[in-house]
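Chemist: any chance you can model this:
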Amino acid sequence: MLCAYHPSDMIEGELLRQMLTEQHVPCYLSGQYLQGAIGELPVHDLLGLWVNAEDLGLARELIRDYQQATPIFPEEQEDGA
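Modeler: Residues are numbered from 1 along each chain as shown. Below is the predicted model of the structure:
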């Protein structure tokens, strides 16, 4: 397996893991149990999304598309509720 991406936190890592899985890209999120040892370990690159070598290109493309996407915000209700 190869590391496709280093998420900044558990929320991003879990979101991307689920997104890749839904796109039929098997992946593994490593380092989630190291977050409790932040005071004793280097803070950067503890988390990693790992994929099979043949899925690396697709995984990085999907992650890049996710990062470049424009958020959609629901229109605010104007009825004063």
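Chemist: skipping adjacent residues, who's closest to L20 in space?
Modeler: Nearest non-adjacent residue to L20, counting by C-beta to C-beta, 6 or more residues apart in numbering: C27, 4.7 Å away. Just so you know, the C-beta spots here come from the backbone N, C-alpha and C atoms, and that holds for glycine as well.
Chemist: now M10
Modeler: Leaving aside its sequence neighbours, M10 sits nearest to Q32 (C-beta to C-beta, 6+ apart; 6.0 Å).
Chemist: show me the contact partners of the helix or strand hosting L58.
Modeler: Taking DSSP states H and E as the criterion, L58 maps to helix 56-68. For helix 56-68, contacts defined as C-beta atoms under 8 Å, 6 or more residues apart in numbering pick out 2, 4-5, 16, 19-20, 23, 25, 27, 49, 51.
Chemist: now, these that are in strands?
Modeler: Counting by DSSP state E, the part of the contacts of helix 56-68 found in strands is 2, 4-5, 27, 49, 51.
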